[in-house]
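>>> The following comprises the amino acid sequence and a computationally predicted model.
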Amino acid sequence: MADASVGADHDDENATPYSAASSQTVSVAQNVSMVSWGSGSAPSLPSVDNDSQADTHSISESVRSSTVSLDSSLYHFVQENGRTYHRYKEGRYFLPNDTAEQERLDLQHQLFTIAIGNKLNIAPIPDNPQRVLDIATGTGIWAIEFAIQHPESEVIGTDLSPIQPQYLPPNCKFEIDDAEDEWTFSAPFDFIHGRALMSCFNDPRAVVLQAFASLRPGGTMEWQDALFPMSYVGEPPTAATSALCRWNELMLEGVSRLGRSWSNAQHYKRYFEEAGFEDVVERRFYWPTSPWAKGAYFKTVAAYFQADMLAGLEAMSLKVLGVLGMTPMEVREFVEEVKRDFRDTSVHAYLTVTYIYGRKPQNPR
């Protein structure tokens, strides 16, 4: 989260800047035809492939070699169940921040970009927007890649965990901050980006309002997030017969007890419109849990989504299912059952992901 050589941009005394320089990121080489979905602005719902293992081996191999570990700054973290968690505002975010989780987040970054044709965003924005903000930036990989692709933009990323690399592009910096606190940036932004926010905020509507106020007239915001629970092609299973179905139900119950909701993404479009955004556009994409779906696009997305979830299921589940009374051992045993469903091509499950953007009017009321 923080940069250093360029100094802190944020006026909040709790925001902690730290050092920066230059960096490189790794992107996945993809055949354009592999990640295209034909006509239209988004892929239609996936359909079942009766030969689901065809052409999946090479895709899986590319997934395994697609991420890069990023050196993180040396900070003290909270240790629990063999994982580490953020110290600043301890407990606000219930996923870990250790090396394993950072590598998963970088893999997840590839998934979000591949799903939309190897792009960082779908919103129409200028070539080099002057000031760009990435909230809940995680490892900072989106902000870093955006800064590299837009060298004339000033890119700022904020997060609760200081897990970003020390060496950055000169136009990129990070700050430790909570997007649910009052925003006190010294100047407005031209583009605000947020991704995988469903576990981050108690009140995402309030964050949308603060973001709207922090944009220049004519500025754009884009959020990318998942719609839980997962859906199915064909007759859905029940919690009694499917570990994956049971996991979805238990996770929704657990996050509710933690004071959060994993159903907020379905309301993002309304939040944007109520805040005052114009020309709000929502595009939905679909991530199969395994290569059960037809077509190279869906098989590629499925390979990345499955790898992301197999790596992250335990981390996602430990605290959330723990509040329901499950011990760490019980959680880990249950997670292994859920992983089997993720690998099972007879389970035709998929996650719906929304990419939504809107523009602040030139003359806001």
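Done, it's in.
>>> When you work out contacts or count neighbours from here on, use the C-alpha atoms and nothing else.
OK.
>>> elements contacting the helix of greatest length in the chain?
In the chain, with assignment by DSSP state H, the single longest helix is helix 296-322. Counting contacts by 3 or more CA pairs under 8 Å, 6 or more residues apart in numbering; DSSP states H and E, the secondary-structure elements packed against helix 296-322 are helix 57-64, helix 99-114, helix 243-257, strand 278-288, helix 328-343.
>>> now it and strand 278-288, what's the angle there?
Orientation note: helix 296-322 sits at an angle of 90 degrees relative to strand 278-288 (axes from the mean of the first three to the mean of the last three CA atoms, to 10 degrees).
>>> Go through helix 296-322 and flag the buried ones.
Judged by neighbour count (16 or more other CA atoms under 10 Å), helix 296-322 contains these buried residues: 296-321.
>>> Now do the same for residue 52: its pLDDT.
What the model reports as pLDDT for residue 52 is 64.
>>> ugh, wrong one, I meant residue 100
We have a pLDDT of 72 for residue 100.
>>> quick one: it and residue 195, what's the gap?
19 Å (CA to CA, to the nearest Å).
>>> quick one: which of those two has more around it?
Remark: of residue 100 and residue 195, residue 195 carries more neighbours, 21 against 15, as counted by other CA atoms under 10 Å.
>>> Distance of the more buried one relative to residue 355?
9 Å.
>>> Residues in contact with both of the two, list them for me.
Residues within reach of residue 195 and of residue 355 at once, by CA atoms under 8 Å, 6 or more residues apart in numbering, are 223, 224, 225.
>>> Which of the residues you listed fall in strands?
With DSSP state E as the criterion, strands contain 223, 224, 225 from among the shared contacts of residue 195 and residue 355.
>>> what's the closest of these to residue 255?
Taking CA to CA as the measure, residue 255 lies nearest residue 225 of those, at 16.1 Å.
>>> out of everything not next to it in sequence, what's closest to that closest one?
What sits nearest to residue 225 in space, not counting adjacent residues and going by CA to CA, 6 or more residues apart in numbering, is residue 196, at 4.7 Å.
>>> Pull out the buried positions in stretch 244-264.
Under the neighbour-count criterion of 16+ other CA under 10 Å, stretch 244-264 has 244-248, 250-255, 260-262, 264 buried.
>>> what ranges of the stretch 51-200 of the chain fall below the confidence cut-off?
Judged by pLDDT under 70, the stretch 51-200 of the chain has its weakly predicted residues at 52-98, 161-163.
>>> Strands of that one, start to end?
In the stretch 51-200 of the chain, the strands defined using DSSP state E, counting those that start in this stretch lie at 78-80, 83-85, 131-135, 154-159, 172-176, 189-195.
>>> Could I get the ones you listed in JSON lines, plus columns for distance to residue 111?
Putting those into JSON lines (distance: least, CA to CA, whole Å) gives the following:
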{"stretch": "strand 78-80", "distance to residue 111": "28"}
{"stretch": "strand 83-85", "distance to residue 111": "24"}
{"stretch": "strand 131-135", "distance to residue 111": "18"}
{"stretch": "strand 154-159", "distance to residue 111": "20"}
{"stretch": "strand 172-176", "distance to residue 111": "22"}
{"stretch": "strand 189-195", "distance to residue 111": "12"}
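>>> Let me see the contact set for residue 272.
Taking CA under 8 Å, 6+ apart as the criterion, residue 272 is in contact with 208, 280, 358.
>>> now those residues as JSON lines including distance to residue 201 and neighbour count?
As requested, the contacts of residue 272 are arranged in JSON lines below (distance: CA to CA, whole Å; neighbours: other CA atoms under 10 Å):
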{"residue": "208", "distance to residue 201": "11", "neighbour count": "23"}
{"residue": "280", "distance to residue 201": "21", "neighbour count": "19"}
{"residue": "358", "distance to residue 201": "20", "neighbour count": "24"}
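>>> As TSV, those residues with distance to residue 145 would be great.
Converted to TSV, the contacts of residue 272 look like this (distance: CA to CA, whole Å):
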residue	distance to residue 145
208	24
280	25
358	22
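>>> For these, give me a markdown table that also has pLDDT.
Converted to a markdown table, these look like this (pLDDT from 0 to 100):
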| residue | pLDDT |
| --- | --- |
| 208 | 96 |
| 280 | 98 |
| 358 | 98 |
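>>> still on that earlier bit, which one of the buried residues of stretch 244-264 is nearest residue 149?
Using CA to CA as the measure, the one of the buried residues of stretch 244-264 that approaches residue 149 most closely is residue 264, at 30.8 Å.
>>> For the closest one, which non-adjacent residue is closest in space?
Leaving out its chain neighbours, the residue that sits closest to residue 264 by CA to CA, 6+ apart is residue 198, at 6.9 Å.
>>> Next, count neighbours for the one you found.
Using other CA under 10 Å, the number of residues around residue 198 comes to 19.
>>> wouldn't it be in contact with residue 261 here?
Yes - taking CA atoms under 8 Å as the contact criterion, residue 198 and residue 261 are neighbours in contact, 7.2 Å apart.
>>> who touches both of these two?
Shared contacts of residue 198 and residue 261, defined by CA under 8 Å, 6+ apart, are not found at any residue.
>>> Tell me which residues of stretch 148-159 come out buried.
Along stretch 148-159, the positions that meet the burial threshold by neighbour count (16+ other CA under 10 Å) are 148, 150, 151, 153, 154, 155, 156, 157, 158, 159.
>>> Farthest pair within these?
Distances among those were taken as CA to CA; the most separated pair is 151 and 159, at 22.2 Å.
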